[in-house]
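Enquirer: next input, structure requested:
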Amino acid sequence: MKRPLRVIGCLVCAWPLIARADPAEPAPGGLIEAPGWQTVAAHCSVCHSLRLVTAQRADREGWAAILRWMQETQNLWSFDPATEKEILDYLALNYAPSGPQRRRPLPAELLPPATGDNSPGS
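Expert: As a prediction, the model looks like this:
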């Protein structure tokens, strides 16, 4: 009798971790829970926090360039084509640019007046 009660108790305690009410709620590590998030979490969290992933925005080509840079300079391993496609599909869909990445330059009339040499120590 004790064993079934333990199993039920474990399921009740673990239920919030097993079932998410809102699929858009971040998965462990802050990733958006969508197809491919487990693969991204498994590969990316080995070297750095997943917050580094969630703070970035890029299109598919940008994400591919980031992967290549990590492979060339940070010792990231090569992926088989299916794994790389899954990672890029997930990142391009869920962490795409959401608008301009930099603000436009301020108009000249809003800039402070030029005072000559603005080098440090002058």
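Enquirer: might one say that Ala27 is in contact with Val40?
Expert: No: contact between Ala27 and Val40 fails when scored by C-beta atoms under 8 Å: they sit 9.5 Å apart. Heads up, the C-betas are built off the backbone N, CA and C, glycines and all.
Enquirer: neighbour count winner among the two?
Expert: Taking neighbours as other C-beta atoms under 10 Å, Ala27 and Val40 compare with Val40 leading, 24 against 16.
Enquirer: so what secondary structure elements neighbour whatever helix or strand Tyr90 lives in?
Expert: Using DSSP states H and E, Tyr90 falls within helix 81-94. Packing partners of helix 81-94 (3 or more C-beta pairs under 8 Å, 6 or more residues apart in numbering; DSSP states H and E): helix 37-44, helix 60-73.
Enquirer: let's see it at 10 Å
Expert: If contacts are counted by 3 or more C-beta pairs under 10 Å, 6 or more residues apart in numbering; DSSP states H and E, helix 81-94 sits against helix 37-44, helix 50-54, helix 60-73.
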